[in-house]
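Novice: turn this into a structure:
(3 chains)
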Amino acid sequence: MTMKRKLKSGIHHGLGLFFEYETYKIVQINSIKVGIINRVIQLAIISYIIGWVIVYKKGYQEFDNAVSGVTSKVKGVQYTNFTGSSIGARIWDVADYVIPPQENNAFFIMTNAVVTADQRQGRCDEDPLVAPCSTDSDCPAGLAQMLGSGVNTGRCVNSTQRPGVRACEVLAWCPVEVDRLPAASLLPNVANFTVLIKNSIEFPKFKVKRRNIASGMPEEDYLRFCRWRPDHPLLKFCPIFTVRDMLRHAKVSDNIFIKGGVMAMNIHWDCNLDWAESHCTPEYSFTRLDDPAAGISKGWNFRYANYYRQNGSDYRVLIKAYGLRFIVYVTGRAGRFNIIPLTMNLGSGLALLGLATILCDVIVLHLLRKRSAYREAKFQQMEDEDAYKAMNDEEAEESELAAGSAGAASAAVGSSAKPDYGATGE
Amino acid sequence: MTMKRKLKSGIHHGLGLFFEYETYKIVQINSIKVGIINRVIQLAIISYIIGWVIVYKKGYQEFDNAVSGVTSKVKGVQYTNFTGSSIGARIWDVADYVIPPQENNAFFIMTNAVVTADQRQGRCDEDPLVAPCSTDSDCPAGLAQMLGSGVNTGRCVNSTQRPGVRACEVLAWCPVEVDRLPAASLLPNVANFTVLIKNSIEFPKFKVKRRNIASGMPEEDYLRFCRWRPDHPLLKFCPIFTVRDMLRHAKVSDNIFIKGGVMAMNIHWDCNLDWAESHCTPEYSFTRLDDPAAGISKGWNFRYANYYRQNGSDYRVLIKAYGLRFIVYVTGRAGRFNIIPLTMNLGSGLALLGLATILCDVIVLHLLRKRSAYREAKFQQMEDEDAYKAMNDEEAEESELAAGSAGAASAAVGSSAKPDYGATGE
Amino acid sequence: MTMKRKLKSGIHHGLGLFFEYETYKIVQINSIKVGIINRVIQLAIISYIIGWVIVYKKGYQEFDNAVSGVTSKVKGVQYTNFTGSSIGARIWDVADYVIPPQENNAFFIMTNAVVTADQRQGRCDEDPLVAPCSTDSDCPAGLAQMLGSGVNTGRCVNSTQRPGVRACEVLAWCPVEVDRLPAASLLPNVANFTVLIKNSIEFPKFKVKRRNIASGMPEEDYLRFCRWRPDHPLLKFCPIFTVRDMLRHAKVSDNIFIKGGVMAMNIHWDCNLDWAESHCTPEYSFTRLDDPAAGISKGWNFRYANYYRQNGSDYRVLIKAYGLRFIVYVTGRAGRFNIIPLTMNLGSGLALLGLATILCDVIVLHLLRKRSAYREAKFQQMEDEDAYKAMNDEEAEESELAAGSAGAASAAVGSSAKPDYGATGE
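Specialist: Next comes the predicted model:
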């Protein structure tokens, strides 16, 4: 053979290897019993993959979470006439009870307050509940009252809040706040107030934008007069909520107005973008976040002040505001068909299908009456000479005899380079 | 055989089973036609797995989302001279037009306002557009004007806002607001104002922190004078934005200043942490969130008040502020090589490779001219006696004959415990 | 054969195909060497799947992220006596130093300030550092000072802030702010202030709600007096934090009080809902977000103003507030057993197990001494007549000879419809 011929035959050989098609050798067993078991297991696995993973859990979709912007606008006015407090008769409008006037993903409606007017820096007696005293030594000078309003001057004086009781004198905004809340809510009709929520979301991966105010609606009248109702086919999309409805759907009673509370408003967008975008609409739900049974620090309140100057002196009106704090969450998830999760799930599913064969093999090879025949059909045995080298040589023969189930198939392959058990075309 | 020998041979047998190596029997078909089909399908699947899933979709990476903190600082002053309004000639600086002075992930720049000065609690006539009346019976006492400013006293009086028109008298902060907006923006030069955005992010899973103000830059001068420009190689990292640029990139015209609007600023970090961290830089983009074509409640406004006291009475200045509300989103995703997603994706990919064999088998076994020869090579048939028990016994022979495609391979395995079709070394 | 018989035999044939059980033909090789290699590779893959993917990375769980609400309440008072500034001796309480009084997921504690009292609209000299001048031409009329407080009138006047220096005259709130910060913090004892954090979370997918204030604790006393300590078994759940502790755990020194800074408080919930819900507790951690080494715009400050009117004129107190801005992040992840991720991971794992066979085949078929025997046992060759059609016919014989390693197995299958190498029951 010349070099040229060798090269040619090498190329032929390589091409032959490359274009060789390899497929598993299959043993087909025609048995109704085994066949039914096999098909039932396959059917269960396929149903699970198709029905649960692909269809129910939308395994054919790629998902994206929403980014969103929320603005809120509260409307409503109320007249109160608290004769027993420093507040007196007055009107409350939005600028009075929404503090701060705008927040990101939240809004606050004041429902009750302790107002301390005309405070100025000076010395006065602390709340006797916070800093009671009998002598000056009970009021170490310079100590800050952590739950109070000021820093001790070192003197113990008669309380102006409660006659006959003594309290530490403090450097503070004077007079100090008398922290007694009216038994009723300052603003009992907050339940009638309304909130307009505007929510814009975007699914960045899909470049889809949606608003909670649908563009196709007769907006002018719709927005002025509609009120959200979750069970109404059209009004469930209305973006105007009365406080009453929000509390009712969170199963919160009106006495939340007295001490305030923290509420969550959830705007949930669950969008299947394989359908029309107009089906991508929000759902609203409400829950109470704070613990109504909390032993201490119940409800929700905070202090703020309005500052002003008169004749060169600083004054302020201190307000301890109780009220409803609404935190608005937007949770949005959109799914759209995508080939990658589908193939990944199908790939895992195909691999799981292999389980059917594994389970059936256990049954066929170990439980059926004709198992030894199946075993011989499925397995082609080949024994290496080292398989028994590790054992005692003299017992090799006996162990071969003992391995009865393997039968005649276990004859060791000798030194012959061309064994005759190969399934060749000879 | 003694017990000892039995035990020994049992151990030998068990060890033999444990160290038995099982591999699939493969049928190799040397056919250029089939081979090419096989290789093409395999190549397509491998390209898909490697190219799309692993490389393009970064299937070799584990991902984490960023947590982030944003602070913003607006700069700019403007002089206005509105002779027709209650505002008059005045200067506006940051403390005047940024309300509230700081927000979380948001900031607001007032561009227009309706200012009602020197309001105090009392009785006065409502806006005749909100509460027109002809007789007292049109103004039921105690009714709160939801879109107005107060609670009806029950009287219908002449309007002070519009001569010759009558309106309900209300308990309110008086005088009530005259809700007429100047036709032009109060602050036309807001476009020149600048915002410095500081953004710190962290990818908790990878313990990587990044800031949008790069530490390597000549900060002092850079931060004072640079302005963000998205198409400039260096200035696209500048954290100072003019309002003009932000509006321009969101394709929003300047008349947003008149009625306000809600803008989104997106800071996007798409980081491949397999590279140097210095490549992990932000991208800024802007969109308008509110609907500029909304029929009602257009733009963005809210009311707030500055309270003060004079001679023991409460006064306030009510401001209905229109302006640009910017909501800052930070979306960040970082990926880093991780063995788990890689192996999971490869695992699914391997399973998909099985598709190539399945597809080729369909072609080889059903479409090619020599399909019966291939079928015989691939399948080794074995028939259980129960395969036909369910049928009429007398027709078993005929059905065997009819099953022609299975050919001679379908001979039933009899009761022989040692069938001679096993591929043994006999 | 009649039609009826044909139909019957067709049904028999179809049923036979449907209930046919197909299983891979396996070649068993009894070789200790190969067996051990095979088992070791299998063991490694199984350990990886079970140990790492399933157990350590909780591949058997479905995960959900938390939605959360946070409220914060700061407590503490302090007395300062700054003789050199416009502030003088005064008390600072919550309403003074928390601005705005409530924020969503954030709070601010003022620690230093530049206060400019009694400003009113007018003409005055700008800060000479911002707008120095020598003649009127240095002060173009109408130019807004971007880093200053007003708009140039066009005149250059003597500075009232620094004798002997000239500065542009501006229309502004006068007098303009003298932006000199006290060298020490205004409020040095901020470190003693405390913050009560209330955090409610929900995992919507699992409908599980948790609060950071555990309901089983003796709340009344617990909440009044406990202070968070991360290393204490009980106090690590205390929701009251001193500013000192928060700074210490973020490794930030007290001189952050002078120029302020941005801090992150992370509340992390890592919940395994396969256990009792009471194990689902938060962990708190703190880091500094802003760059303490920033060359410019160091720390955190913002300007706000308190407005008031006297005798029909607008006045304000301008405050440039420096302080600690805390941004509260809640990151929560809960896992619960779910069959889908488990099966998906097992599916991928099963597919990976195929790697063991592939690797062993490489060893067995190419590296072992008896490789040709193994190869013949594993492969059943079949050659199509087209395999050599592409080549020169005259060399087919030689290439067959050259393909020595394939040995006698490579005999081409002829035109015989019943090849005798099939493993049939003949």
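Novice: in a strand, that's where A:Thr111 is, yeah?
Specialist: Yes. Under DSSP: H, G, I helix; E, B strand; the rest coil, A:Thr111 falls within a strand.
Novice: who are the contact partners of it?
Specialist: Contact analysis of A:Thr111 by CB atoms under 8 Å, 6 or more residues apart in numbering or on different chains lists A:97, A:185-187, A:190, A:256-258, A:260, A:322-324. All C-beta spots, glycine's among them, are computed from the backbone N, C-alpha and C.
Novice: considering the residues you listed, which possesses the most neighbours?
Specialist: Ranked by the number of neighbours (other CB atoms under 10 Å in any protein chain shown), the contacts of A:Thr111 place A:Gly323 first, at 28 neighbours.
Novice: strand partners of the helix or strand hosting it, parallel vs antiparallel please.
Specialist: A:Gly323 belongs to strand A:313-337 when assigned by DSSP states H and E. When pairing is defined by DSSP bridges, strand A:313-337 lines up against strand A:61-65 (antiparallel), strand A:106-125 (antiparallel), strand A:261-272 (parallel), strand A:301-310 (antiparallel).
Novice: could I get the buried residue list for that strand?
Specialist: With burial defined by 16 or more other CB atoms under 10 Å in any protein chain shown, the residues of strand A:313-337 counted as buried are A:314-332, A:334-336.
Novice: helix or strand next in line after that strand, which one?
Specialist: Later in the chain than strand A:313-337, the nearest helix or strand by DSSP H and E is helix A:339-366.
Novice: which strands and helices lie in contact with that next one?
Specialist: Packing partners of helix A:339-366 (3 or more CB pairs under 8 Å, 6 or more residues apart in numbering or on different chains; DSSP states H and E): helix A:32-47, strand A:61-65, helix A:371-378, helix B:339-366, strand C:20-24, helix C:339-366.
Novice: keeping just the C-alphas, turn the first one into PDB.
Specialist: Translated: helix A:32-47. Taking C-alpha atoms only, helix A:32-47 is exported to PDB below (Å, rounded to 0.1, in the frame of the first residue of the first chain):
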ATOM      1  CA  ILE A  32     -49.700  -6.700  27.800                       C
ATOM      2  CA  LYS A  33     -48.900  -6.700  31.600                       C
ATOM      3  CA  VAL A  34     -45.500  -4.900  31.200                       C
ATOM      4  CA  GLY A  35     -46.800  -2.700  28.400                       C
ATOM      5  CA  ILE A  36     -49.700  -1.400  30.500                       C
ATOM      6  CA  ILE A  37     -47.500  -0.700  33.500                       C
ATOM      7  CA  ASN A  38     -45.100   1.100  31.100                       C
ATOM      8  CA  ARG A  39     -47.800   3.200  29.400                       C
ATOM      9  CA  VAL A  40     -49.400   4.200  32.700                       C
ATOM     10  CA  ILE A  41     -46.200   5.400  34.300                       C
ATOM     11  CA  GLN A  42     -45.300   7.300  31.000                       C
ATOM     12  CA  LEU A  43     -48.800   8.800  31.000                       C
ATOM     13  CA  ALA A  44     -48.500  10.000  34.600                       C
ATOM     14  CA  ILE A  45     -45.100  11.600  33.900                       C
ATOM     15  CA  ILE A  46     -46.200  13.300  30.700                       C
ATOM     16  CA  SER A  47     -49.500  14.500  32.300                       C
END
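Novice: cool, thanks, signing off.
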